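[1] Sequence plus predicted model, see below.
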Amino acid sequence: MRTHTCGELNKNIVGQEVTIVGWVQTRRDLGKIVFLDIRDRAGLVQVVCVPVDLGADYEFVKEVHGEFVVEISGVVNQRGPKNVNSNLASGEVEVLAKGFKILAKAEPLPLDLTDEKIGLDVHLDYLPLTLRAEKYRALFKIQAGIVRGFRDYLLGQDFTEFQAPKIVAAAAEGGAGVFEVKYLKNKATLAQSPQLYKQIMVGVFERVFCIGNVFRAEEHATTRHLNEYTSLDLEFGMIQDHHDVMNLETELLRYILNYLEQTVARELKLWNYLRPELPDRIPFLKLREVQALIKKETGVDHTNEPDLDPGEEKWIGEYAKRELHSDFIFVTHYPTAKRPMYTYVDKEDPEFTKSFDLLFRGMEITSGGQRFNDYQELVASMKNKSLNPDDFQFYLEAFKYGLPPEGGLGLGLERLTAKLLDIDNIKYATLFPRDLNRIDLQISPPEYKQKKD
Ligand code: AMO
């Protein structure tokens, strides 16, 4: 029976008998003495296996290699000063094994988990194994920390969490890019976002958030697009305008960064984490101002375009860093013609909306803004976009019966993770990425399959 986790072992319990359970991470043989690094959820510890101490159990030691799961009883010993491993919480001690059991066997590993040069496709094909590598365990601990920080902050601000449906009738973000669901009697799609439901829920709780997967039928496999991603969504009522939403996001990000640094500092060190510059107020510019700047500085005239292309996002990201000392910049006032029907129009300049994107290190990680809350205005906006209000009858009920001025945002979890850790392809920062060519396993050309068999 396990008495301690590996991470709990330290010099205060030197001399004590313990039983630990974990995976064999590495094996080193020195003649008949075998050194095993044993890993469990809490950490890693070195175990020394000597034939005289183990007796008959030494036979089991002979058999084990990486990823075997074992139970070891033994005595905690202090390591010599030269052998202390300062990277480990349990690095000052080791366990001298007295009893050894195999709990689960592992086949020989098809790849070396410490090899940083494994290509993306092989990494993804072997995810159940490659996710066990130290760097990837760290990455997804950090990602879990982002989710936790998001939730904690919003609960602290009196938001209520809800679960949004994933089978929906209407496309929230516009018709393109939806997956149809054929089985049901009604026309249905997979949700592109919880947008319509979070707005309905403002009528119920005033402040709400939800964390869940959403689906986008993206036509191309790129380094920043997935077909399924995790959206961190929030929505709240009683706002003045989109600046309230931007200010909330600024404090939310500050909370998440602090939370990560307090809880997963060791994991952050394994990646190229550099604390982002996050000023008291994140700078904000209108889309047309950004385009004018780009034209002035580079000569490229995109001043009539409805959006920034990835190169322009990068450019303005670098500008924000250099000139405004911020790794973040809000770009506001996207054209009314290009934003979804729920986006509030700037009454002083009706061609543009009170919407924003947040760029982090030159990549969009969030969209948000103020929404129409007036029933008549929302219906008119739908009609302007050639949408039939009858298709949105259910959603519109929320507006018929009193919805306050409100706004919100959607933050892409994988993009935030990737940018925070300097990862250039979003798929590395996605637990189980789906794209045109892959659901878990890549749809492989025959010669590739053969090679693996
Ligand atoms: P939008 O469609 O801009 O807005 O999405 C919000 C954020 O989600 C992330 N994202 C993606 N991440 C990975 N793969 C994709 N294919 C993908 N598409 C989007 C990005 C993006 O900034 N309802 C609005 C949000 C709102 O206004 O509240 C929406 O979904 O980080």
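    Ah, there it is.

[2] contacts and neighbour counts: CA atoms only from here.
    Noted.

[3] so residue 21, which of the three states?
    Classification of residue 21 by DSSP: H, G, I helix; E, B strand; the rest coil places it in strand.

[4] Not including adjacent chain positions, what is the nearest residue to it?
    residue 71 (4.4 Å; C-alpha to C-alpha, 6 or more residues apart in numbering).

[5] can I assume the one you found is in contact with residue 98?
    No. Using C-alpha atoms under 8 Å, residue 71 makes no contact with residue 98, being 10.8 Å away.

[6] who has more neighbours, those two?
    residue 98 (22 against 18; other C-alpha atoms under 10 Å).

[7] could you list every residue that touches the nearest residue to residue 432 once chain neighbours are set aside?
    Leaving aside its sequence neighbours, residue 432 sits nearest to residue 440 (C-alpha to C-alpha, 6+ apart; 6.5 Å). Applying C-alpha atoms under 8 Å, 6 or more residues apart in numbering to residue 440 gives the contacts 124, 125, 432, 433, 434.

[8] Quick one: neighbours of the third one, just the number.
    Yep, that's residue 432 we're talking about. By other C-alpha under 10 Å, 16 other residues sit near residue 432.

[9] which ones are touching it?
    Counting by C-alpha under 8 Å, 6+ apart, residue 432 has contacts 124, 127, 440.

[10] can you tell me the helix or strand for the residue of the chain most remote from its centre?
    Within the chain, the residue lying farthest from the chain centre (C-alpha atoms, centre = their mean) is residue 52, at 48.6 Å. If you go by DSSP states H and E, residue 52 is part of helix 51-54.

[11] Pull the CA coordinates from that helix and hand them back as PDB.
    Output of helix 51-54 as PDB, limited to C-alpha atoms (Å, rounded to 0.1, in the frame of the first residue of the first chain):
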ATOM      1  CA  PRO A  51      20.400  -7.600  -5.300                       C
ATOM      2  CA  VAL A  52      21.300  -8.200  -1.600                       C
ATOM      3  CA  ASP A  53      18.600  -5.900  -0.400                       C
ATOM      4  CA  LEU A  54      15.900  -7.100  -2.700                       C
END
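
[12] can I get the CA coordinates of the helix or strand following it in PDB?
    Later in the chain than helix 51-54, the nearest helix or strand by DSSP H and E is helix 58-63. Output of helix 58-63 as PDB, limited to C-alpha atoms (Å, rounded to 0.1, in the frame of the first residue of the first chain):
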ATOM      1  CA  TYR A  58      15.400  -8.500  -7.800                       C
ATOM      2  CA  GLU A  59      14.100 -10.800 -10.600                       C
ATOM      3  CA  PHE A  60      11.400  -8.200 -11.200                       C
ATOM      4  CA  VAL A  61      13.900  -5.400 -11.400                       C
ATOM      5  CA  LYS A  62      15.700  -7.200 -14.200                       C
ATOM      6  CA  GLU A  63      12.600  -7.100 -16.300                       C
END
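
[13] What is the distance between helix 58-63 and the centre of its chain?
    Put simply, helix 58-63 sits 41 Å off its chain's centre (C-alpha atoms, centre = their mean, to the nearest Å).

[14] same check, this time on stretch 306-321
    Averaging C-alpha positions (C-alpha atoms, centre = their mean) puts stretch 306-321 22 Å from its chain's average.

[15] check whether that stretch contacts the ligand.
    No. Stretch 306-321 does not reach the ligand (C-alpha under 6 Å from any ligand atom); its nearest approach is 11.4 Å.

[16] Low-confidence bits of the stretch 301-450 of the chain, can you list those?
    Residue ranges of the stretch 301-450 of the chain with pLDDT under 70: 444-450.

[17] Now do the helices in it.
    Remark: helices assigned in the stretch 301-450 of the chain by DSSP state H, counting those that start in this stretch are 310-324, 375-384, 393-400, 413-420, 446-452.

[18] looking at these, which is closest to residue 10?
    helix 413-420 (32.2 Å; C-alpha to C-alpha).

[19] Tell me which other helices or strands the closest one touches.
    Under the contact definition 3 or more C-alpha pairs under 8 Å, 6 or more residues apart in numbering; DSSP states H and E, helix 413-420 sits against helix 134-156, strand 228-237, strand 363-371.

[20] Where do the domain boundaries of the chain fall?
    Domains of the chain are assigned by automatic domain parsing as 6-104, 132-430.

[21] before we move on, back to that, of the contacts of residue 440, just say which sits nearest to residue 142.
    For the contacts of residue 440, the minimum distance to residue 142 (C-alpha to C-alpha) is 15.7 Å, reached by residue 432.

[22] Could you tell me the backbone phi and psi angles at the closest one?
    Phi and psi for residue 432, reported as degrees, to the nearest 10, are phi -130, psi 80.

[23] Against residue 226, how distant is it?
    Applying C-alpha to C-alpha, to the nearest Å, the value for residue 432 to residue 226 is 10 Å.

[24] Pull the distance from stretch 21-40 to the chain's centre.
    Worked out by C-alpha atoms, centre = their mean, stretch 21-40 lies 32 Å from the chain centre.

[25] Which strand residues bridge residue 363?
    For residue 363, the beta-bridge assignment (DSSP bridges) gives partners residue 360.

[26] Contacts only, for it.
    By C-alpha under 8 Å, 6+ apart, the residues touching residue 363 are 310, 313, 314, 317, 419.

[27] Just put these in a markdown table and tack on neighbour count.
    Listed next are these as a markdown table, based on neighbours: other C-alpha atoms under 10 Å:
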| residue | neighbour count |
| --- | --- |
| 310 | 12 |
| 313 | 21 |
| 314 | 18 |
| 317 | 23 |
| 419 | 20 |
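
[28] ok, so of the residues you listed, who is nearest the ligand?
    Ranked by distance to the ligand (C-alpha to the nearest ligand atom), the contacts of residue 363 are led by residue 419 at 10.6 Å.

[29] Help me confirm that that closest one comes into contact with residue 328.
    No. Assessed by C-alpha under 8 Å, residue 419 is found out of contact with residue 328, at 11.0 Å.

[30] what is in contact with the two at once?
    360, 361.

[31] hmm, stretch 134-153 touching the ligand?
    No. Contact of stretch 134-153 with the ligand is not found when judged by C-alpha under 6 Å from any ligand atom; the minimum separation is 13.9 Å.

[32] Please point out which parts of that stretch sit buried.
    135-136, 138-147, 149-153 (16 or more other C-alpha atoms under 10 Å).

[33] cool, and stretch 154-162?
    154, 159, 160, 161.

[34] Other residues contacting it?
    Outside stretch 154-162, the residues that touch it by C-alpha under 8 Å, 6+ apart are 205, 206, 207, 208, 209, 210, 252.

[35] No further questions, thank you.
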